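1. Using only what follows, build the 3D model:
(one chain, ligands or ions: 2)
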Amino acid sequence: MNYDRIVIRYGELSTKGRNRKFFIRHLKDNIRNALKPYRKIQIQGFHDRMYLLLNGEDSEAIIKTLKNIFGIQSFSLAVRVPKEIETIQHVGFQLVEKLYEEGKTFKVSARRSDKTFEYDSNELNRLVGGYIFNKIDELKVDVKHPDIELLVDVRSEGVYLSTETIKGAGGLPVGTSGKAMLMLSGGIDSPVAGYLTMKRGVKVEAVHFHSPPFTSPRAKQKALDLAAKISAYSGSVKVYIVPFTKIQETIHKEIPEGYSMTVQRRIMLKITDLIRKQNSGLAIVTGESLGQVASQTLESMVAINDVTSTPIIRPVVSMDKLEIIDIAQKIDTYEISSLPYEDCCTIFTPPSPKTRPKLTLAQYYESQVDFTALIEEAMKEIETVYVTPDYTPTQEDFCDLL
Ligand code: ATP
Ligand code: MG
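-> Ligands and ions are numbered 1, 2, ... in the order given. Next up, the predicted model:
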């Protein structure tokens, strides 16, 4: 007997009342999108669970993909059988037998949502458990910590049998909470911030500033590779690459050294906000973490944040570096982030940036230089790239790398 479907259980959406349909529709679309290569799959969405009919597709690869989809609490490979006790017993036995090795313990956990079925859950546990117990010599029952747990779920359309519950990614389906622009550097923190924002249902687009020839094409490639990694959680990520060289040179020349970093961040935020507006985003996400580096004090935040009233989401603001690294490792961005290529901010970093810049001074120095034309020019020259989890550099990118 082979599993013919996957049962998907929702997480928090079950508490979303009238929005439930909206959440389920999004989740279904996201799953369909992520499983596009598996053409034979059919998805059935119901108010309390979803079924993926495998129709012969590779369940292992599908399970791997499902683990990355937000809005799924847990899922199980399952088989549906008719509501006849003999069939339930027999197929249940086959499933347990497949997993059985000497010394393993088991338990049957039955649930009867269809109250018209002739046996209640206790009777089912006994009938199915007893049958299997008699068929496999030396099989022991352990109701507290069984090695094998056979779930028997009786519903009106049939009985679902499964033996393993796989933990899902949790969170909310991406797209149900609107869209935000992630300021994506090549560092450790911003990809983690992007991932955590996606987890709460936000569709994320990335903005990356680069300053050729001061930053190498590899630095840009690094940002694209990081975007590709986090796109595993949303299907794809649109990346805006903003040429920042002229602005950085101007800042370097015209702004007193102690304030160049603050002004640079202010302009990056201004440009990100313009991109957000043009593309109907609702918020901006950064990887800022308090106290980590000079630019990340509250005073600095005040001086930078001043350029916009758009909500800024800082998912890692209160995390320790090690906590952030833990997540980076889990989502597989850590290694890429640790590559040594300079990013545009480090290159012009003065030896001693002000750790407690004054807002009024930042505003004053900035007002002494006309950045309008430079910002307009940068906006015009933005390059847009769509990356997906299987993104590999194009021929052109490769040439860049050589
Ligand atoms: P990260 O690890 O994300 O690079 P960081 O600890 O190095 O962060 P900073 O360099 O101060 O911190 O950057 C703070 C935030 O500013 C980053 O998390 C990111 O959101 C944004 N940022 C920095 N550099 C860039 C860049 N080149 N392009 C886009 N956003 C950037
Ligand atoms: Mg950085």
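2. interface residues of the stretch 151-300 of the chain facing ligand 1?
-> Contact residues (Cβ under 6 Å from any ligand atom) of the stretch 151-300 of the chain with ligand 1: 183-185, 187-190, 207-209, 286-288, 292-293, 295-296. Just so you know, the C-beta spots here come from the backbone N, C-alpha and C atoms, and that holds for glycine as well.
3. where does the stretch 251-400 of the chain dip in pLDDT?
-> 292, 294-295, 341-351, 392-400 (pLDDT under 70).
4. Please repeat the previous calculation with a cut-off of 80.
-> Scanning the stretch 251-400 of the chain for pLDDT under 80 picks out 292-295, 341-353, 391-400.
5. which residues in it form strands?
-> Along the stretch 251-400 of the chain, counting by DSSP state E, counting those that start in this stretch, strands occupy 283-285, 312-313, 383-387.
6. deepest of the ones you listed, which one?
-> The highest mean neighbour count among the strands of the stretch 251-400 of the chain, using mean count of other Cβ atoms under 10 Å, belongs to strand 283-285: a mean of 23.
7. Report all helices and strands that it contacts.
-> Judged by 3 or more Cβ pairs under 8 Å, 6 or more residues apart in numbering; DSSP states H and E, the packing partners of strand 283-285 are strand 179-183, helix 189-199, helix 257-278, strand 312-313.
8. got those as JSON lines, with distance to ligand 2 columns?
-> Putting those into JSON lines (distance: least, Cβ to the ion, whole Å) gives the following:
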{"stretch": "strand 179-183", "distance to ligand 2": "10"}
{"stretch": "helix 189-199", "distance to ligand 2": "7"}
{"stretch": "helix 257-278", "distance to ligand 2": "11"}
{"stretch": "strand 312-313", "distance to ligand 2": "16"}
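9. which one of these has the most crowded surroundings?
-> By mean count of other Cβ under 10 Å, the helices and strands packed on strand 283-285 have helix 189-199 as the most buried, with a mean of 26.
10. now the angle between strand 179-183 and that helix, please.
-> In terms of direction (axes from the mean of the first three to the mean of the last three Cα atoms, to 10 degrees), helix 189-199 departs from strand 179-183 by 170 degrees.
11. Can you confirm whether whatever helix or strand comes next after helix 189-199 lies near ligand 2?
-> Using DSSP states H and E, the helix or strand that follows helix 189-199 in sequence is strand 203-210. No. Against ligand 2, strand 203-210 shows no contacts by Cβ under 5 Å from the ion, the least distance being 10.9 Å.
12. Export only the CA atoms of strand 203-210, formatted as CSV.
-> Extracted in CSV, the C-alpha atoms of strand 203-210 (Å, rounded to 0.1, in the frame of the first residue of the first chain):
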residue,chain,number,x,y,z
LYS,A,203,5.7,39.6,0.1
VAL,A,204,9.2,40.9,0.1
GLU,A,205,11.0,42.7,-2.7
ALA,A,206,14.7,43.5,-2.3
VAL,A,207,16.6,46.7,-2.8
HIS,A,208,20.4,46.5,-3.1
PHE,A,209,22.8,49.4,-3.5
HIS,A,210,26.1,48.9,-5.2
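13. pLDDT (mean, whole number) over it?
-> Strand 203-210 carries an average pLDDT of 97.
14. contacting residues around the longest strand anywhere in the chain?
-> Assignment by DSSP state E gives strand 72-81 as the longest strand of the chain. Strand 72-81 is contacted by residues 1-12, 27, 59, 63, 66, 87-88, 91, 95, 151, 153, 157-170 when judged by Cβ atoms under 8 Å, 6 or more residues apart in numbering.
15. Generate a ChimeraX selection restricted to the buried entries among the residues you listed.
-> Buried subset of the contacts of strand 72-81, written as a ChimeraX selection, criterion 16 or more other Cβ atoms under 10 Å:
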select :3,4,5,6,7,8,10,11,27,59,66,88,91,95,151,153,159,160,161,162,163,164,168,169
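16. Among the contacts of strand 72-81, name the ones in strands.
-> Judged by DSSP E, these include 5-10, 151, 153, 158-162, 166-170 as members of strands.
17. need the helices for the stretch 1-150 of the chain, in chain order.
-> Secondary structure of the stretch 1-150 of the chain by DSSP state H, counting those that start in this stretch: the helices cover 20-34, 59-66, 85-99, 121-135.
18. so how many other residues sit close to R25?
-> 14 (other Cβ atoms under 10 Å).
19. Name the nearest residue to it, ignoring sequence neighbours.
-> G45 (7.5 Å; Cβ to Cβ, 6 or more residues apart in numbering).
20. Check which helix or strand whatever residue of the chain ends up closest to ligand 2 maps to.
-> Across the chain, the shortest distance to ligand 2 (Cβ to the ion) belongs to G187, at 3.2 Å. Counting by DSSP H and E, no helix or strand carries G187.
21. G287 is in contact with that one, correct?
-> Yes. Using Cβ atoms under 8 Å, G187 is in contact with G287, at 6.5 Å.
22. need the residues of the chain near ligand 2, please.
-> Neighbours of ligand 2 within the chain, by Cβ under 5 Å from the ion: 185, 187.
23. and the closest residue to ligand 1 within the stretch 251-400 of the chain, how many neighbours?
-> In the stretch 251-400 of the chain, the residue that lies nearest ligand 1 is G287 (2.5 Å; Cβ to the nearest ligand atom). Using other Cβ under 10 Å, G287 has 24 other residues around it.
24. Against T105, how distant is K144?
-> According to Cβ to Cβ, to the nearest Å, K144 stands 9 Å off from T105.
25. which one of those two has more residues nearby?
-> Between K144 and T105, counting by other Cβ under 10 Å, T105 is the more crowded of the two (15 against 6).
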